[in-house]
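Chemist: Sequence and predicted model, in that order:
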Amino acid sequence: MMASRDEAQDLVECDLCQQPVSFFCRRCGVNLCDTCIAIHLRVKSKNGHDIVDYTSKDDDDTCHCNSHPQNDCSAYCKTCDAPICILCVSIKHKSHEISELSDKIEELLKVIATENDRLQSFKLELERILDHTTKLLSSISSIYKMRKDEVTARGEEWHKQIEKIVKKLHQELDDMQKEHKDVLQKQKKQFEEMIEKVNEMNGKTIRLRKSKNVSEMQTFVPVIQKQKSSSEVSQYSFPKFYEYKIKEYLENKLKENELSGRIISEIPTVTTVIDTGFPANEKNKNCLYDMAVTDDNKVWMGGNSSELKLFDLQGHLHHTVSITCPGVYLCMYNKQVVYTGINDVKLISDNNTVVTMLTTGDWDPYGVTSTASCDLLVCLRKDDQSKVVRYSSTGTVLQEIQYDSQCQPLYKQAMYITENVNGDIIVTDWKKNAVIAVDRLGIFRYSYTEKDTKFDACSVATDSVGHVIVTDFHGNNIHMLDRDGRFLGYIIPEGGINKPRCGCILGDGEMMVGECRTGIAKRIKYLEE
């Protein structure tokens, strides 16, 4: 008997001699070994002693009177805020306000239940954050390897000129990865410990529901109220990624080569007007939704019908294909036109067959774009959640972008998406009325919006030098930003633009922009020498 008891409680010691504990005095709250029981019983106590086996110390569900320890409490003194026995009612508390003990028990259990419900809700938030942190930890090696590979690739392009910089950057990335991993592991451990504490509070709450021990309940209420909730949790920020020297050097060269002497036209010219012929939606009157440019400078267009149309830049219709739903979001992928369907992404093959590339489960797909690495980026939405997912050509999920470094949602209603020449992933958010950019790792870069006007960001596109082109539906204009999200100017062509929704870059300082309500697409020269 002693051997098994010692094995079960080898971490708990007797309060008198530090030997392994065997018993517990409920009245005094003292841990005791076999030898010290007799010593403890000789100590006088106004409450008496109640020695039980240590494993049964929490089984007492009665409330003993502090003034008359031999009696159980049967009433509650509101004046003294204490449980009392029948003797107390007629003597010490005779003139006080007395209530039923069961009423006080019910009141305390309500408080405990409310606090426990709060902690259980908080636990769900902790589990979400923990899951996000765990996913980051599992992918951190591959993400940093990708960054190192990119640095190496740039280094090979510039050969000996940047070999020294490449080696230095590798070391900096290794150091940053170690620091980043340590922070995430610390955060992961913190959330695990907090969830364990919440579970402990829940267990005690369940036990107290069957108890009448008011004293224990009163002791427990401040304990459960002090447990941290979501607003009180400290969360670690990810280290901020700076622009690497090699990247800045190459981007500056790019700007020197391609931006030299080019400015936004004071009055951009419209060189071609195309009537796409899409019918108007009866509810919102929308006609034209999206477009995508091919390698041979033709443009696929999708609108309020179950077909896609291919036009050349002079406005001639070359081809029409039937699809399974309206072509609201399009892109080009390996020279094939791709569109988002209902819970899937589809591709039009060479023989005009609709092929399902990937499925999105219970998430609804919206904007889609191809990347320089031959992946697909898709905006997904479910209920009030939005995220961006990177898929391989076989439909494998490679990356999910949903939260910032503080585990807060990046997007409210992600719609259109594109990838910039520097790898940034740029999304328009209709609910935030903003353009949101993250780098290729999913780390927040910038957000652009107009505070003084009703900015209604629709589609987004980028040109060969990194300009970000955003259509403003209600503003009837087009915003041009630099690659860091700084406003450069408006693009308002001669004759204006009416409810612009979609757009794509044609090259050589030209773009195609679609008017949603008229179904007209305009070819616009927006840069000049």
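Modeler: On my side now, so go ahead. Numbers count the residues shown, from 1 in each chain.

Chemist: so residue 99 makes contact with residue 79?
Modeler: No. The criterion here is C-beta atoms under 8 Å, and residue 99 misses it with residue 79 at 10.3 Å. Just so you know, the C-beta spots here come from the backbone N, C-alpha and C atoms, and that holds for glycine as well.

Chemist: Relative to residue 315, how far out is the nearest residue to residue 225 once chain neighbours are set aside?
Modeler: Among residues not flanking residue 225 along the chain, residue 115 sits closest, at 5.7 Å (C-beta to C-beta, 6 or more residues apart in numbering). In this view, residue 115 and residue 315 are 68 Å apart by C-beta to C-beta, to the nearest Å.

Chemist: And these two? Which one has more around it.
Modeler: residue 115 (20 against 14; other C-beta atoms under 10 Å).

Chemist: Tell me if I am right that the more buried one is in a helix.
Modeler: Yes. Residue state for residue 115 (DSSP: H, G, I helix; E, B strand; the rest coil) corresponds to a helix.

Chemist: Return the residues in contact with it.
Modeler: Residue 115 makes contact with 201, 221, 224, 225, 227, according to C-beta atoms under 8 Å, 6 or more residues apart in numbering.

Chemist: so where is the stretch 251-400 of the chain shaky, pLDDT-wise?
Modeler: Residue ranges of the stretch 251-400 of the chain with pLDDT under 70: 251-262.

Chemist: now the strands for it?
Modeler: Remark: strands assigned in the stretch 251-400 of the chain by DSSP state E, counting those that start in this stretch are 263-275, 288-293, 298-303, 307-312, 317-322, 330-333, 336-340, 344-348, 354-359, 364-370, 376-382, 385-391, 397-401.

Chemist: Dump those strands into TSV; add mean neighbour count and distance to residue 450 as well.
Modeler: Below are the strands of the stretch 251-400 of the chain laid out as TSV (neighbours: other C-beta atoms under 10 Å; distance: least, C-beta to C-beta, whole Å):
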stretch	mean neighbour count	distance to residue 450
strand 263-275	15	17
strand 288-293	26	23
strand 298-303	25	27
strand 307-312	19	32
strand 317-322	13	36
strand 330-333	21	27
strand 336-340	22	28
strand 344-348	19	32
strand 354-359	15	35
strand 364-370	22	21
strand 376-382	22	22
strand 385-391	20	21
strand 397-401	17	24
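
Chemist: To residue 132, which of those strands lies closest?
Modeler: strand 397-401 (9.4 Å; C-beta to C-beta).

Chemist: contacts for that closest one?
Modeler: Contact with strand 397-401 is made by 135, 139, 375, 387-392, 410, 425, 438, 442, as judged by C-beta under 8 Å, 6+ apart.

Chemist: 7 Å instead, please
Modeler: Residues from elsewhere that reach strand 397-401 (C-beta atoms under 7 Å, 6 or more residues apart in numbering): 375, 387, 388, 389, 390, 391, 392, 410, 425, 438, 442.

Chemist: which two in the residues you listed are spaced the farthest apart?
Modeler: Spatially, the most separated pair among these is 392 and 410, at 22.1 Å (C-beta to C-beta).

Chemist: Between these two, which is the more surrounded one?
Modeler: Set side by side, residue 392 and residue 410 show more neighbours around residue 410, with 21 against 13, by other C-beta under 10 Å.

Chemist: what's the burial count for the nearest residue to that one once chain neighbours are set aside?
Modeler: Distances taken as C-beta to C-beta, 6+ apart place residue 404 nearest to residue 410, at 5.4 Å, with adjacent residues excluded. Residues near residue 404, counting by other C-beta under 10 Å, number 16.
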